[in-house]
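Undergrad: Sharing a sequence plus its predicted fold:
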Amino acid sequence: PLTPRRPVSAAPIALTASQVPWAGITGMPEGFADGVDNVATLISDTTIIYTGAGLGQITGTAGITLYVNFAGSGDSPAVAHSDHDHAGVYAAAAHTHPGDDITSPVSEALTATHALSANDADTLDGQHGSYYQARVSGACAVGSTIRTINVDGTVTCEPHDGFPIFSRSTVQSAGNAGAYSSITLGADGLGLISYYDASLTDLKVAHCNNAACTSATISAPDSASDVGMYTSIAIGPDGLGLIAYYDNTHKNLKVAHCLDPNCTSANLATLDSVGDVGMYASVAIGSDGLGLIAYYDNTNGDLKVVHCGNANCNSGNTITTLDASAGAGMTASLVIGSDGMGLIGYEANNAALKVAHCSDVACASATLSTLDTGVIGPDVAMVLGADGLGLISYHNNLAGSLKAAHCDNINCATATITTLEDIANSVGNYTAIAIGSDGRGIIAHGDATAGGLRITHCNNTTCASATTVVLDSSAGIPLSSIAIGLDGMALISYGYSDLKVVHCSNVFCVPYVRQR
């Protein structure tokens, strides 16, 4: 406490000893409170107590540093002490050493740095550990960085923040798994994949154990009868997965609301059981925080949509038929548009690419538009672009090509169509699309002739052109899904007989690219 009290400015001005009464200072270390402010007294071989005016410094050979007060008047010349190896001079401070006549101490001019030699008795010990810290004596291995420095000079290390590394991993190889996979990011930032285990006829979920998903925790939230085809997963406002899928035994549309991040268990519900319904399910979380699911009514050849009545989607649901034209609704892909309304891209009777723009949050009705005609599908995937407009990847079955449709407006009443790849009538199968961290579309698709997984990276927002690389040349046409991880890189789940994951190391998803 300052007595009398003094105002402190935003940039405080130091107070001199004459302005601060010694008796008014509290919290001083032992030895400073004796009222002697103009002498430096060594009271033992291992303890140095300094008091007085004027800021000085002592540095030992071990690198220990104390900031202390010296008596700061006088102009004595530099002198060398005959008994000890000291460095020099500063303002006639009284300095006492063991063996010196304490009644007539040798007067030295001490420099601001007073160096102690190895045989000097002026050493510092652990009883002053709260006032100094030893020089850093530890080191970290290559690939790690100092996190903390301890009082004794040792260090605690941690690994460097790593750059994304391209990887291909098999998450499940037992049985015949990996078909109809759908991937999203869980609330923990790790991949969450729903898929169909054809050997066990179960709905499976793989929760990635790391950002690259080189391993995962696998669960079967629904194993009753033959379930899990045409899966689609989204994360609800509660941070838990909501999975729409097809019950092949009963020909119904079902939903599983996960009860934990791994989805080891879930609340199950049948949403539509009239006829053969539920193929090509696609789920998104609407602007009201509730699930919205587009799917195909195979009995009537219609595009239908369910708006969930609660988080579990097990009560209060409403079902609407949006397009009753022949074969409408195959390979439906639903996103929430920039206006908060559902936007659904789908194939109609293998002859047209169509879009339904919902008129309200529950999608009780929609405006339908035809974007392209010919032999389309059965592979349509839709995402909301960085410009707030829909971007659709799809397959021209007659030409065997990969195509893209960039919506010209929010309703996607019209679109600009581009053929991205046309190689031997084989590419563009089972497309999946996401928007990369560079704001451009990245499309996963299969090669029907050579087999394997291909990635096409759009060269601009509208995807008027693109570049393609082969990620996996394994046999078979993989059914894929794609999400963008917290590191900004694509995470792709795919499979035919195994569930596999690719983690890209750059926005182009080129395995060995190097940027300077």
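TA: On my side now, so go ahead. The structure displayed is predicted, hence computed values, not measured ones. Residues are numbered from 1 along each chain as shown.
Undergrad: quick one: contacts for the closest residue to Gly390 other than its chain neighbours?
TA: Using Cβ to Cβ, 6 or more residues apart in numbering and skipping the chain neighbours, the partner closest in space to Gly390 is Cys407 (3.9 Å). From N, CA and C alone the C-beta is placed, and that goes for glycine too. By Cβ atoms under 8 Å, 6 or more residues apart in numbering, Cys407 lies in contact with Val355, Gly385, Leu389, Gly390, Leu391, Ile392, Thr414, Ala415.
Undergrad: cool, Asn411 as well?
TA: By Cβ under 8 Å, 6+ apart, Asn411 lies in contact with His357, Thr367, Ser369.
Undergrad: what's the helix or strand for the second one?
TA: It stands for Thr367. strand 366-373 (DSSP states H and E).
Undergrad: Give the pairing partners of whichever helix or strand comes after that strand; include direction for each.
TA: Later in the chain than strand 366-373, the nearest helix or strand by DSSP H and E is strand 376-384. Its sheet considered, strand 376-384 pairs with strand 390-396 (antiparallel) by DSSP bridges.
Undergrad: about what we covered before: export the contacts of Cys407 as CSV, with columns for neighbour count, distance to Thr431 and pLDDT.
TA: Formatted as CSV, these follow (neighbours: other Cβ atoms under 10 Å; distance: Cβ to Cβ, whole Å; pLDDT from 0 to 100):
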residue, neighbour count, distance to Thr431, pLDDT
Val355, 26, 16, 98
Gly385, 23, 15, 97
Leu389, 20, 18, 98
Gly390, 28, 14, 98
Leu391, 29, 11, 98
Ile392, 30, 9, 98
Thr414, 14, 21, 97
Ala415, 23, 15, 98
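Undergrad: Tell me the one of those residues nearest Pro7?
TA: Distance to Pro7, by Cβ to Cβ, is smallest for Gly385 among the contacts of Cys407, at 58.7 Å.
Undergrad: What distance do you get for that closest one to Asp260?
TA: Distance, Gly385 to Asp260, by Cβ to Cβ, to the nearest Å: 33 Å.
Undergrad: that older thread, write the PyMOL selection for whichever of the contacts of Asn411 are buried.
TA: To isolate the buried ones among these in PyMOL, judged by 16 or more other Cβ atoms under 10 Å, type:
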select buried, resi 357+369
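Undergrad: Dump the contacts of Asn411 into JSON lines; add distance to Leu471 as well.
TA: JSON lines is the format used below for the contacts of Asn411 (distance: Cβ to Cβ, whole Å):
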{"residue": "His357", "distance to Leu471": "33"}
{"residue": "Thr367", "distance to Leu471": "37"}
{"residue": "Ser369", "distance to Leu471": "33"}
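Undergrad: out of the contacts of Asn411, who's nearest Cys313?
TA: Among the contacts of Asn411, His357 lies closest to Cys313 (Cβ to Cβ), at 22.6 Å.
Undergrad: hang on, that closest one is in a helix, isn't it?
TA: No. Secondary structure of His357 (DSSP: H, G, I helix; E, B strand; the rest coil): strand, not part of a helix.
Undergrad: Please tell me the pLDDT value assigned to it.
TA: Note on His357: pLDDT of 98.
Undergrad: a strand runs through Gly153, doesn't it?
TA: No. Gly153: not assigned to a strand; according to three-state DSSP it is coil.
Undergrad: give the contact list for it.
TA: Residues in contact with Gly153 (Cβ under 8 Å, 6+ apart) are Gln133, Ala134, Arg135, Val136, Ser137, Gly138.
Undergrad: Widest-spaced pair of the contacts of Cys407?
TA: Pairwise distances across the contacts of Cys407 (Cβ to Cβ) peak at 15.1 Å, for the pair Gly385 and Thr414.
Undergrad: Using CSV, write out every CA atom in the helix or strand in which Ile146 is found.
TA: Assigned by DSSP H and E, Ile146 falls within strand 144-149. What follows is strand 144-149, C-alpha atoms only, in CSV (Å, rounded to 0.1, in the frame of the first residue of the first chain):
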residue,chain,number,x,y,z
SER,A,144,8.5,-31.6,-31.1
THR,A,145,8.5,-28.1,-29.4
ILE,A,146,9.0,-26.8,-25.9
ARG,A,147,5.6,-26.4,-24.2
THR,A,148,6.7,-25.4,-20.7
ILE,A,149,10.0,-24.5,-18.9
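Undergrad: how about the contacts of Cys407 in CSV, adding distance to Gly476?
TA: Below are the contacts of Cys407 laid out as CSV (distance: Cβ to Cβ, whole Å):
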residue, distance to Gly476
Val355, 30
Gly385, 30
Leu389, 34
Gly390, 30
Leu391, 27
Ile392, 25
Thr414, 36
Ala415, 31
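Undergrad: From those residues, pick the one nearest Thr148.
TA: The shortest approach to Thr148 among the contacts of Cys407 belongs to Gly385, at 44.5 Å (Cβ to Cβ).
Undergrad: nearest residue to the closest one other than its sequence neighbours?
TA: In space, Gly385 is closest to Leu391, 4.4 Å off (Cβ to Cβ, 6+ apart).
Undergrad: Next one: the one you found relative to Ile435, how far apart?
TA: 7 Å.
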